[in-house]
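Asker: Please work out how this folds:
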Amino acid sequence: MTHPPSPSRPLVLFALGLLAACSCEDTVAVECDETNPCPAGQHCVDAVCVVDGADGGEVPPDAATDATVADAGDGGGETHGDFCDGEGPLLIVGDGEGSGEADCAGRIAENAFRFALCTCEGLVTSHELRTDSFDSAMGPYMAPGGEGGSVGTNGGGNSTAEWSVGGSLWSSDPSGWTVSQDLVVGSELHLAGRLAGSEVSVGADAWVGGGVGLNTFTVAGALTVPDPGAVVVGDLTVGSMATAPVTVPDPCACEPDELVDVAGFIAGYRETNDNAEIDLDPDALANVSTETTLELPCGRFYLNAVSATAPVTLRVTGRVALFIEGSITANDAFRVIPEGGAEVDVFVGGNVTGAGEFAIGTEDAPARARLYVGGTGTVNLSASTTFAGNLYAPRSELVTAGDVELFGAAFVRRLSAAGAVTIHYDTAILEAGDDCDVPDTCSACGDCPSVQACVDGVCGDCRDSSDCCAPLICREGR
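Answerer: This is a model prediction of the structure:
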């Protein structure tokens with residue numbers, strides 16, 4: 001391994017011999033025995049978890065069964081009992097037209113939150129940005145955090161304050177990146193354009209497509225550029241140099257046909273939902289003026305909108321999908337709290353305003369909570385100093401005021417930060433799809449579990465990092 005393992009739980013398998021898997025930067029082998037079974041989709045070989053079929057062996061009967069239990073039926077058509085009695089994946093209807101086609105919520109989360117921060121537009125800030133990682137399955141965040149917590153943007157970048165990125169940094173826009181203060185990248189650097197400015201340090205390999213003009217540039221691994229003559233650095237330290245074309249694919253899936261169909265999911269449960277099981281009125285939170293607490297057991301629930309001038313708390317005690325047709329406008333505290341082993345996916349058709357404390361999840365286990373926003377306006381968290389959960393809002397601007405600490409991840413159109421931003425990425429989100437079925441065929445890496453790549457139309461071992469979804473890395477051995 002290039003880096004020592006972080007104090008987090010192993011995320012994926014590194015099998016024996018030449019088998020390889022896509023991983024984040026801090027991954028080590030998953031060990032197993034009779035008392036420590038492997039995750040779904042893997043089995044134990046010589047005390048190491050191996051992806052089913054990767055070693056030529058048969059898929060164990062229990063692994064095949066776990067992915068096809070009662071709740072893997074027709075999505076919106078299955079009953080509350082089917083959904084909550086099963087132990088398989090959370091399936092939700094994605095087209096809103098009653099076709100019965102369903103998507104696995106865990107796979108959606110794995111694909112949406114591979115980066116600590118991903119932006120569709122350029123990443124420009126005059127305040128500090130820091131990312132690191134932890135694994136909530138092993139316990140709560142403890143400073144200084146582990147390696148990981150990558151940052152990606154489909155635009156260029158301009159940082160006028162110090163940045164410390166615990167994972168990789170990706171930018172696919174040829175406009176390049178300008179740094180006025182120190183930029184530290186813990187793992188790989190992938191830039192399509194020119195890198196210019198002050199001091200940059202990279203903990204692994206670096207690819208720069210448009211030349212380099214820096215005061216100081218340190219690359220622990222190999223630096224690849226199309227033209228070595230375009231590298232003008234006062235103090236250059238690299239492990240090695242390579243000359244080759246540099247192409248950086250968009251790290252963030254921002255094209256219209258790549259976006260999560262938030263409106264479609266909401267439409268799929270407007271009429272067919274579990275509201276009757278708990279006597280939940282769709283307008284229960286449409287005009288809240290006194291402190292309100294709702295308990296949401298296992299189920300899929302629908303609300304027309306949330307508008308509150310008093311504190312609102314939703315206590316989630318099972319696996320829950322909550323579909324909100326309109327916006328969330330919270331002028332006081334708004335909290336969605338998964339308790340115990342519960343998990344929650346919240347889909348919002350409009351925009352989000354949090355004028356008080358705002359949390360979708362907990363700081364101890366942010367991977368268990370995901371907020372998907374379909375609106376084209378803002379996710380305004382200007383009153384919050386902390387946010388727990390994973391935010392997906394690729395058509396919205398995330399607005400923060402003052403310093404903010406985020407436990408989880410954010411995928412947004414643009415970041416508008418009025419203070420320092422610190423993100424503690426929860427790597428457990430990359431295992432959110434462990435219970436999802438592995439497709440018989442695939443067309444892209446995102447069709448497969450996060451530990452696998454799509455190779456020749458089939459999910460399996462990666463050959464190199466280009467097979468993996470960014471920012472995951474293909475590594476051989478353990």
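Asker: what residue ranges in the stretch 251-400 of the chain score low on pLDDT?
Answerer: Counting by pLDDT under 70, the stretch 251-400 of the chain contains no low-confidence range.
Asker: Let's verify the residue of the chain most remote from its centre: helix, strand, or coil?
Answerer: In the chain, Gly229 marks the outermost C-alpha relative to the chain mean, sitting 37.6 Å out by Cα atoms, centre = their mean. When classified by DSSP: H, G, I helix; E, B strand; the rest coil, Gly229 comes out as helix.
Asker: do you know how far the residue most central in space within the chain is from Gly299?
Answerer: When the chain is reduced to its mean C-alpha position, the closest residue under Cα atoms, centre = their mean turns out to be Phe113, at 1.0 Å. To Gly299, Phe113 is 24 Å away according to Cβ to Cβ, to the nearest Å. (Each C-beta comes from the backbone N, C-alpha and C, glycine too.)
Asker: Leu195 too?
Answerer: 50 Å.
Asker: ditto for Ser466
Answerer: Applying Cβ to Cβ to Ser466 and Gly299 gives a distance of 41 Å.
Asker: Which one of these two is surrounded by more residues?
Answerer: Gly299 (20 against 12; other Cβ atoms under 10 Å).
Asker: Please, which helix or strand holds Leu236?
Answerer: strand 231-243 (DSSP states H and E).
Asker: Now the residue nearest to the centre of the chain: closest residue in space that isn't a chain neighbour?
Answerer: If the residues on either side of it in the chain are set aside, Phe113 comes closest to Ala409, at 4.2 Å by Cβ to Cβ, 6 or more residues apart in numbering.
Asker: so what's Gly210 up against?
Answerer: 174, 176, 191-195, 230 (Cβ atoms under 8 Å, 6 or more residues apart in numbering).
Asker: Just give the closest residue to it, not the sequence neighbours.
Answerer: Spatial nearest neighbour of Gly210, excluding adjacent residues (Cβ to Cβ, 6+ apart): Arg194 at 3.5 Å.
Asker: any chance you could map the helices in this structure?
Answerer: 61-66, 80-85, 105-112, 262-268, 275-278 (DSSP state H).
Asker: helices and strands around the longest one, which ones?
Answerer: Using 3 or more Cβ pairs under 8 Å, 6 or more residues apart in numbering; DSSP states H and E as the contact definition, the elements that helix 105-112 packs against are strand 343-348, strand 369-373, strand 386-400.
Asker: List the contacts of that helix.
Answerer: 89-92, 253, 260, 321, 345, 367, 370, 372, 390, 392, 411, 429-436, 446, 449-450, 469.
Asker: What about those residues, which are in strands?
Answerer: Counting by DSSP state E, the contacts of helix 105-112 place 91-92, 321, 345, 370, 372, 390, 392, 411 in strands.
Asker: Now do the contacts for the nearest residue to Arg463 once chain neighbours are set aside.
Answerer: Leaving aside its sequence neighbours, Arg463 sits nearest to Val455 (Cβ to Cβ, 6+ apart; 6.5 Å). By Cβ under 8 Å, 6+ apart, the contact set of Val455 is 461-463, 467.
Asker: Drop anything exposed from those residues.
Answerer: 461-462, 467 (16 or more other Cβ atoms under 10 Å).
Asker: Quick one: residues contacting the residue nearest to Gly210.
Answerer: Contacts of Arg194 by Cβ under 8 Å, 6+ apart are 176-177, 208, 210-213.
Asker: Make a ChimeraX selection of the buried ones in these.
Answerer: Command for ChimeraX that selects the buried part of the contacts of Arg194, burial taken from 16+ other Cβ under 10 Å:
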select :176,177,208,210,211,212,213
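Asker: okay, the contacts of Arg194 in JSON lines with pLDDT next?
Answerer: Converted to JSON lines, these look like this (pLDDT from 0 to 100):
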{"residue": "Gly176", "pLDDT": "94"}
{"residue": "Trp177", "pLDDT": "96"}
{"residue": "Val208", "pLDDT": "98"}
{"residue": "Gly210", "pLDDT": "95"}
{"residue": "Gly211", "pLDDT": "93"}
{"residue": "Val212", "pLDDT": "98"}
{"residue": "Gly213", "pLDDT": "98"}
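Asker: And the contacts of Arg194, which is closest to Val312?
Answerer: Trp177 (40.8 Å; Cβ to Cβ).
Asker: From the opening residue of stretch 431-450 to its closing one, how far?
Answerer: 7 Å (Cα to Cα, to the nearest Å).
Asker: Pull out the buried residues from that stretch.
Answerer: So, applying 16+ other Cβ under 10 Å, buried residues of stretch 431-450: 431-438, 442, 445-450.
Asker: cool, and stretch 199-219?
Answerer: 199-214, 217-219.
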